[in-house]
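Participant: sequence and predicted model, in that order:
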Amino acid sequence: MQELLDRSHITEEMWIALKQDTMEPEQLMQVFAHTASCTYCAGRLALTLEAEAEEIKPPAYLSEQIFERVKQLDVQAVTVVKQTSKRLQLLLYGMKVGAAVVFSIFLLVVTANFQGMEASLPKPFVQTEARESVPEAMNRAANGVTDWMNEFANQLLNGGKQG
């Protein structure tokens with residue numbers, strides 16, 4: 001370790017010992033302590049570790065086993081089912097959104113026709129104490145239809161579940 005302190009950087013012999021994992025634990029701790037204060041040696045250590053990581057490759061038999069497993073029918077079937085399931089979910093979601101849009105437009109058209117209708121009706125159709133007026137009856141019916149459509153749309157969007 002004295003040569004490390006004399007030159008102020010880690011020597012080639014020490015780098016080789018570090019790569020071959022033949023360095024004593026005490027020397028290894030001193031090398032790591034030195035790299036904490038020396039950016040040159042820390043950079044070199046990082047490059048060494050990166051090079052070692054790139055040299056590690058999985059065994060050839062492992063990749064062959066993975067390729068063989070992927071080619072098997074059950075794995076391919078699961079993959080196709082997942083893709084089909086996602087497509088089916090997208091289709092159902094699109095249908096739900098489309099139905100909600102159609103119902104919304106229908107409600108807008110139906111309820112827009114009832115606005116201001118009471119003012120334009122002649123006097124005999126205005127509400128008396130005994131019966132409700134035509135616009136009120138139409139509004140009540142439209143509200144019932146609106147409630148039914150809201151329930152239907154909610155069930156459609158929730159997958160048939162109540163709530």
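Facilitator: That came through fine.

Participant: the protein: helices as residue ranges?
Facilitator: Remark: helices assigned in the chain by DSSP state H are 2-7, 12-20, 25-37, 39-55, 60-71, 73-114, 117-120, 134-157.

Participant: against which helices or strands is the longest one packed?
Facilitator: What it means is helix 73-114. helix 134-157 (3 or more C-beta pairs under 8 Å, 6 or more residues apart in numbering; DSSP states H and E). The way it works is simple: take the backbone N, C-alpha and C, and place the C-beta from them, glycine included.

Participant: quick check: buried residues in the helix it packs on?
Facilitator: The neighbour-count check on helix 134-157 (16 or more other C-beta atoms under 10 Å) flags Pro135, Met138, Asn139, Thr146, Met149, Ala153, Leu156 as buried.

Participant: and these as CSV, adding pLDDT and distance to Cys38?
Facilitator: Shown next, in CSV, are the buried residues of helix 134-157 (pLDDT from 0 to 100; distance: C-beta to C-beta, whole Å):
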residue, pLDDT, distance to Cys38
Pro135, 73, 89
Met138, 76, 88
Asn139, 77, 85
Thr146, 80, 77
Met149, 79, 75
Ala153, 77, 69
Leu156, 74, 68
